[in-house]
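Chemist: need the 3D shape of this:
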Amino acid sequence: MTPQIRWLRACSWKSTSSILRLWRAWRAARPGSTEHSPAITGSDGSHRQNRFDGSAGQAYGPRLRRNVMALRDWFWVILLGSIWGCSFMFNALLIRELGPLWVATGRVGFAALACWAVFIAMRKPLPRDPKLYALLALLGLVAYSLPFTLFPISQGALPSGVAAIINALTPLMTVTIGHFWLGGEKADAVRFGGVGIGFLGVAILSLPAVAGGGTAEIWAIGLCLLATVCYAVGLNFARTFRGVDPTTIATLALTGSTIGILPVALAVEGVPVITQGTTWAAWVAIGVVSTGFTFLVMYRLLPRIGATNFSVTTFIAPLVAISLGVVVLGEEIHPEHLIGMIGIFAGLMLIDGRLVRRLRRARA
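Modeler: Alright, predicted model coming up:
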């Protein structure tokens, strides 16, 4: 090879390397991008390192980046809300053959398998800090295992649509717990008013059970409320994992949840016996689709659109659950249930804050 050719090849290689460096810098500088970024940019312009391993990751948490969602964001929000509405129908189908602990075990187990498949396919590195594994396992037990068990128990006495309506209280519970959470977001009088209206909606929703003397129904409503508290604690606790890769959060939390609940299900309910294909289909669907898929999308969507925009899913899920409960399961919905749902939705709109801000601007 002549010296001239070697010189040309060296120049070509240097030019290509320069172009690649410029392209990577442009990718890292785009809004919302964390690729090749040495740190995570906070909402105040500061930089945050991954607190667990020092590496950069996608910022996780209810940090709103824009007020107006793009069309693709609306698609994902509506899709997730609809899928979560279907999960209440799946619960109703599963409790015909399975105990509530096995419903929850299969849900987190199939979801964990789906997340591991994505984790391996994307060649994600495992975290180096053992503390992160313990914290994510705790998140999985509190935010996944426990509420995923409580809802099937409650649906033994409640229509799936009613359980979904109560589940819509999750943002209100999140605001209440976040106010007292160390480092959490403080709620103002308007938001606390929204919480009060939401609980008034639950009281109205409970009227048919109280009038009929149904103790089981009242206990079931209480279990649904406890499940929303678990979700709210999990959402506030998840602020701990800012900067951790979203796929890692979902995969390790669901794995810890599965490891924690599996021996309990075996000890309490024994080995399950499944005779219907519908049960298997519902079990896989609620795990892979309603949990694994939605969690992977959720942990990516939240940093981009913020918790306020994401809360729209709580309006969609009850509508889907009620429709499926009536059409597919033949459930009965009382007028009080619908009035209670309107009360909960009114509370959600108050804690959302956008309607209040628009009214204030209109008066000004």
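Chemist: CA atoms for contacts and neighbours, from now on please.
Modeler: Will do.
Chemist: confidence score at Pro272?
Modeler: For Pro272, the pLDDT comes out at 94.
Chemist: surely it and Trp102 touch.
Modeler: Yes. Under the criterion of Cα atoms under 8 Å, Pro272 makes contact with Trp102 at 7.4 Å.
Chemist: these two: which is more packed in?
Modeler: Ranked by neighbour count (other Cα atoms under 10 Å), Pro272 and Trp102 place Trp102 first, with 28 against 12.
Chemist: what residues are up against that one?
Modeler: The neighbours of Trp102, taking Cα atoms under 8 Å, 6 or more residues apart in numbering as the test, are Leu262, Ala265, Glu269, Pro272.
Chemist: I'd like to know how far it sits from Ser87.
Modeler: To Ser87, Trp102 is 15 Å away according to Cα to Cα, to the nearest Å.
Chemist: same question, Gly256
Modeler: In terms of Cα to Cα, Gly256 sits 21 Å off from Ser87.
Chemist: do Ser311 as well
Modeler: 17 Å.
Chemist: which one of these two has more residues nearby?
Modeler: Ser87 (25 against 19).
Chemist: and that one, what element?
Modeler: Of the helices and strands defined by DSSP states H and E, Ser87 is found in helix 71-94.
Chemist: before we move on, what about Ile197?
Modeler: helix 189-205.
Chemist: chain center to that helix: distance?
Modeler: Centroid separation for helix 189-205 versus its chain: 22 Å, with Cα atoms, centre = their mean, to the nearest Å.
Chemist: just checking, what packs against that helix?
Modeler: Judged by 3 or more Cα pairs under 8 Å, 6 or more residues apart in numbering; DSSP states H and E, helix 189-205 is in contact with helix 170-180, helix 335-352.
Chemist: mind checking the SS state of Pro272?
Modeler: coil (DSSP: H, G, I helix; E, B strand; the rest coil).
Chemist: residues contacting it?
Modeler: By Cα under 8 Å, 6+ apart, the neighbours of Pro272 are Leu98, Trp102.
Chemist: thinking again about what came up before, give me the buried entries from the contacts of Trp102.
Modeler: Neighbour-count burial (16 or more other Cα atoms under 10 Å) applied to these gives Leu262, Ala265.
Chemist: could the contacts of Trp102 go into JSON lines alongside secondary structure and distance to Leu301?
Modeler: Formatted as JSON lines, the contacts of Trp102 follow (DSSP: H, G, I helix; E, B strand; the rest coil; distance: Cα to Cα, whole Å):
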{"residue": "Leu262", "secondary structure": "helix", "distance to Leu301": "30"}
{"residue": "Ala265", "secondary structure": "helix", "distance to Leu301": "32"}
{"residue": "Glu269", "secondary structure": "helix", "distance to Leu301": "37"}
{"residue": "Pro272", "secondary structure": "coil", "distance to Leu301": "36"}
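Chemist: in the helix holding Ser87, what's buried?
Modeler: Neighbour-count burial for helix 71-94, counted by 16+ other Cα under 10 Å, picks out 73-74, 76-94.
Chemist: which residues of this protein fall in strands?
Modeler: 40-41, 47-48 (DSSP state E).
Chemist: so where is the stretch 51-200 of the chain shaky, pLDDT-wise?
Modeler: 51-68 (pLDDT under 70).
Chemist: and with 80 instead?
Modeler: 51-69, 180, 182-192, 194-195, 198-199 (pLDDT under 80).
Chemist: also the stretch 201-350 of the chain?
Modeler: 202-203, 205-216, 303, 306-312, 333, 337, 347-350.
Chemist: share the number of residues neighbouring Val356, please.
Modeler: Neighbour tally, Val356, other Cα under 10 Å: 14.
Chemist: verify the contact between it and Leu350 for me.
Modeler: Yes. The pair Val356 and Leu350 passes the contact test of Cα under 8 Å, sitting 6.9 Å apart.
Chemist: run a quick neighbour tally on Gly109.
Modeler: Neighbours of Gly109 (other Cα under 10 Å): 27.
Chemist: distance check, it against Pro127.
Modeler: Distance from Gly109 to Pro127, by Cα to Cα: 21 Å.
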